[in-house]
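Engineer: just coords:
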């Protein structure tokens, strides 16, 4: 890939029921997702057609469905599910996903806890 353009979506807030504790699954909480998708946007720039790029509204809907869907224990698992789905569903070369859990059950004062992963499309 000789061109590395980015589409970034930050602060997508979605209610989910993820966590290792029973009360996290029962009560749920908000999760915040940030994405940076690397792709080639030259064709979209020439055609001015959303079909030639990644539609970030559709990306947001996919991410919301994952976060609001089947619970997992770990943020690492949730971030991997998001990355895997977006790499297979959209024309991105690689993606960086950060999942924030601002209400994590930590008995100390803190601003945020998050997990960030980067994944690249596998060439077959």
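Structural biologist: In hand now; what should we look at? Predicted model, so just to flag it, every value in this text is computed and none were measured.
Engineer: show me what contacts residue 66?
Structural biologist: Shown in contact with residue 66 (Cβ atoms under 8 Å, 6 or more residues apart in numbering): 78, 81, 82, 85. Heads up, the C-betas are built off the backbone N, CA and C, glycines and all.
Engineer: which SS state does the last one fall under?
Structural biologist: Right, the one you point to is residue 85. The assignment at residue 85 comes out as helix when based on DSSP: H, G, I helix; E, B strand; the rest coil.
Engineer: that one touches residue 62, doesn't it?
Structural biologist: Yes. Residue 85 is within contact range of residue 62, at 5.9 Å (criterion: Cβ atoms under 8 Å).
Engineer: residues near residue 44, how many?
Structural biologist: 17 (other Cβ atoms under 10 Å).
Engineer: same check, this time on the one 10 residues further on
Structural biologist: Applying other Cβ under 10 Å, we find 21 residues neighbouring residue 54.
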